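Enquirer: next input, structure requested:
(2 chains)
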Amino acid sequence: MTIIPAAMPRTFVGRLRWAVADGWTITLRSLAHWKQQPAQFLITLMFPIMIALLFGYLFGGSMVVPGGGNYREFLMPGLFAMTMLFGVESTMIAVATDASRGVTDRFRSMPMASSAVVVGRAIADMVDALLVLVVLLGCGVAIGWRWREGIGDAALALGLLLLLRFAFIWIGIYLGLVVRNPESVMVVQIVVWPIGFLANTFSSPAGMPDWLGMVAEWNPLSSTVAATRQLFGNPGWGGDSWIAEHALLMAVVWPLLLTAVFLPLAVRRYRRLSL
Amino acid sequence: MVSAHAYAVVTEGLRKRYGDVMALNGLDLAVPAGTVRGLLGPNGAGKTTAVRILATLLRPDAGRAEVAGCDVVTQAVEVRYRIGLVGQYAAVDEVLSGRQNLVMFGRLYHLSPRAARRRADELLEQFRLTDAADRAVKEYSGGMRRRLDLAASLILTPAVLFLDEPTTGLDPRARDEVWEAVRSLVNEGTTVLLTTQYLEEADRLAHEISVIDGGRVIAEGTPEQLKSKIGGDQIDVMVSDAAHLDHTAGLITSVVGQQAQIAHRERRVSVPVTDRVAALTSVARALHDAGIEAEDIVLRRPTLDEVFLRLTGDAAANSPKEKVA
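Expert: Reported below is the predicted structural model:
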């Protein structure tokens, strides 16, 4: 059978339709991965659930929450944000695996829209993040976490969490294209863990040595955590530094700033593959 | 569409530099449509760089390249519709099944969902993967992966297929399968550009071979032409008793009139000859008369390995600018 391919579209609308169709094909590919290996998806979920149980019940008893609230109610927003942060690893593994196996080269040797690989990855990872968040919310409710400020604020908090994940997609794509080797993700894990803990996630920056407390407060993760605690009406640390008082603003600014830096870097890196 | 062009692949003065390394230094190629061209060369000769430029994955620093009548830089998308690329790794999604892979790539070639599924079924059948079609690729053997990789490159029946060391790391049986698939493609009119380090592979598959070293072509021709270029035929005599080696070599040198070479480990004496059968007869008679027992006497053409070592060795020894061909 001779296949007669569609001619390359010459109009802007035609090209846009191509870009959308190709991006969607790549998205479906990633979604098919979860269907093929559901165990992996469950393991991704197990981790934050395990942390929730560990901290909520094991350490939770000895933790004093500001305002005398429930520790588990304090804990969950931190876990939501930390899970968004850890998503950078799965993005990076996916990108580095494709690059090292020659799949990226195959895509680039095909007449598909060049944006599709990156866009498809981003959409799939956002769908993944949404699913994980929904499961974690359910898990939180099961162990006594509640949102207390109405559905509008809760939705806004979810939006901030997804915005953080969106920013980390570009960092993940960029790093994946730089290392081009899924085994190197180990190195990134070593860096990601301190970022997850060196924040207001589990303990108060005020209780840390001055310089460390400052690093923790300026950690982008802290702004998202503080803002979502506020929006969910959960207890938080507060704090009288500028960054702590402007958590809501910075929960928007930080991800946008990271995106502004890493999206062009990722795109440039992808383009430079042909230099 | 290709038949309008006599050459399916043309490069002129192609250059590519990585830092201080000149990967391509004025590569000129012209591959007639419907033929198999082997690119042969040591590691770092520039073979893969050439293929990556032709497959629109890399931009050349200077020079020009056309594939199926389209310029690889200014008409990259047109080129991509007309080529298939099989690289050094099986570039398929390991998590997905063979069928899912082919359907996905078909969709990315902008086939309709239905056409993509139908084409996937055809290719699975053609490459004997139907039974394994719904298994994840990571469960495939090396040969099956390669066949799937090849199938994915053939979704649009490309005019030009690039094979970059397609049988590296394959067992002999899987290698034969790949060779078979390539031959049947060529029968249907596809032009193939094959890079390889295996001379046997080039000898078996390629109509013509371009020997590349230092980023340029140093010799070109059919396998036979290349072999005769370094002095035609050769007689090998394997003696039973290693003590007879020196005596045998002296004898053969005087009979043939060319310096015979001794390979001690193989207990072999070799000498280049021009008048094939006459030389063979006189060597055999001389050995018989001298009472030397020979285990084997062989009249043979040089192997492509010998041609290759000779050519690349010369190029390294002489000025790199000198062209052997």
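
Enquirer: closest residue of chain B to chain A?
Expert: B:A91 (3.5 Å; CB to the nearest CB). (Glycine included, C-beta is placed from N, CA and C.)

Enquirer: and the pLDDT at the nearest residue to that residue once chain neighbours are set aside?
Expert: Residue nearest to B:A91 in three dimensions, not counting chain neighbours: A:G102, with 3.5 Å by CB to CB, 6 or more residues apart in numbering or on different chains. Predicted confidence (pLDDT) for A:G102: 90.

Enquirer: same thing with the one 3 residues further on?
Expert: Per-residue confidence for A:D105 comes out at a pLDDT of 92.

Enquirer: just to revisit the earlier point, tell me who's in contact with the residue of chain B closest to chain A.
Expert: A:101-103, A:105-106, B:85, B:149, B:152 (CB atoms under 8 Å, 6 or more residues apart in numbering or on different chains).

Enquirer: burial of residue 209, as a residue count?
Expert: All of this is about chain A. 8 (other CB atoms under 10 Å in any protein chain shown).

Enquirer: look at chain B instead
Expert: By other CB under 10 Å, the residues close to B:I209 number 27.

Enquirer: let me see the contact set for it.
Expert: Neighbour list for B:I209: B:37-40, B:202, B:220-223, B:226, B:304 [criterion: CB under 8 Å, 6+ apart].

Enquirer: at 7 Å what do you get?
Expert: The contact partners of B:I209, taken as CB atoms under 7 Å, 6 or more residues apart in numbering or on different chains, are B:38, B:40, B:202, B:221, B:223, B:226.

Enquirer: out of these, grab the one that's most surrounded.
Expert: That'd be B:L40 among the contacts of B:I209, by other CB under 10 Å, with 29 neighbours.

Enquirer: how close does the residue of the stretch 51-200 of chain A found nearest chain B sit to B:L304?
Expert: The minimum distance from the stretch 51-200 of chain A to chain B, using CB to the nearest CB, falls at A:G102 (3.5 Å). From A:G102 across to B:L304, the span is 28 Å (CB to CB, to the nearest Å).

Enquirer: now A:W18
Expert: In terms of CB to CB, A:W18 sits 45 Å off from B:L304.

Enquirer: which parts of the stretch 51-200 of chain A sit against chain B?
Expert: A:101-103, A:105-106, A:108-112 (CB under 7 Å from any CB of the partner chain).

Enquirer: now those residues as a markdown table including secondary structure?
Expert: Shown next, in a markdown table, are these (DSSP: H, G, I helix; E, B strand; the rest coil):
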| residue | secondary structure |
| --- | --- |
| A:R101 | helix |
| A:G102 | coil |
| A:V103 | helix |
| A:D105 | helix |
| A:R106 | helix |
| A:R108 | helix |
| A:S109 | coil |
| A:M110 | coil |
| A:P111 | coil |
| A:M112 | coil |
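
Enquirer: hang on, the earlier thing: three-state assignment of the residue of chain B closest to chain A?
Expert: B:A91 - assigned by three-state DSSP - is coil.

Enquirer: just B:S210 next, same as before
Expert: B:S210 - assigned by three-state DSSP - is strand.

Enquirer: beta partners for it?
Expert: As for beta bridges, B:S210 partners with B:L39, B:E220 under DSSP bridges.

Enquirer: for burial, what's the neighbour tally of it?
Expert: B:S210 is flanked by 28 other residues according to other CB under 10 Å.

Enquirer: separation between it and B:T196?
Expert: 12 Å.

Enquirer: picking that back up, and which of the contacts of B:A91 is nearest A:T27?
Expert: A:V103 (15.4 Å; CB to CB).

Enquirer: so for that closest one, what's the nearest residue that isn't a sequence neighbour?
Expert: Nearest non-adjacent residue to A:V103, counting by CB to CB, 6+ apart: B:A91, 5.1 Å away.

Enquirer: and the spatially most central residue of chain A, what element?
Expert: Centroid check for chain A by CA atoms, centre = their mean gives A:R165 as the closest residue, at 2.6 Å. Counting by DSSP states H and E, the element that carries A:R165 is helix A:150-179.

Enquirer: format the contacts of B:I209 as CSV; extra columns: distance to A:P235 and pLDDT.
Expert: CSV is the format used below for the contacts of B:I209 (distance: CB to CB, whole Å; pLDDT from 0 to 100):
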residue, distance to A:P235, pLDDT
B:G38, 72, 95
B:L40, 72, 90
B:A202, 73, 88
B:G221, 82, 93
B:P223, 80, 87
B:L226, 81, 83
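
Enquirer: residues contacting B:F105?
Expert: Contacts of B:F105 by CB under 7 Å, 6+ apart are B:152, B:155.

Enquirer: 10 Å instead?
Expert: A:25, A:106-107, A:110, A:112, B:91-93, B:111, B:116, B:119-120, B:123, B:151-153, B:155-156 (CB atoms under 10 Å, 6 or more residues apart in numbering or on different chains).

Enquirer: quick one: name the residues of the stretch 151-300 of chain B near chain A.
Expert: Within the stretch 151-300 of chain B, the positions near chain A by CB under 10 Å from any CB of the partner chain are B:152-157, B:162, B:164.

Enquirer: returning to what we had before: who has more neighbours, A:G102 and B:L304?
Expert: B:L304 (23 against 20).

Enquirer: so that one touches B:G38, yeah?
Expert: Yes. Shown here, B:L304 and B:G38 form a contact pair, counting by CB atoms under 10 Å, at 9.4 Å.

Enquirer: where does the prediction get shaky in the chain?
Expert: Answering for chain A, as no chain was given. Within chain A, the ranges that satisfy pLDDT under 70 run A:1-7, A:61, A:66.

Enquirer: actually it's chain B I care about, not the one you picked
Expert: Scanning chain B for pLDDT under 70 picks out the ranges B:1-5, B:230-231, B:313-325.

Enquirer: now the strands for it?
Expert: Taking DSSP state E as the test, the strands found in chain B are B:7-18, B:21-32, B:36-40, B:62-67, B:70-71, B:83-86, B:160-164, B:191-196, B:208-213, B:216-221, B:233-239, B:261-263, B:268-273, B:294-300.
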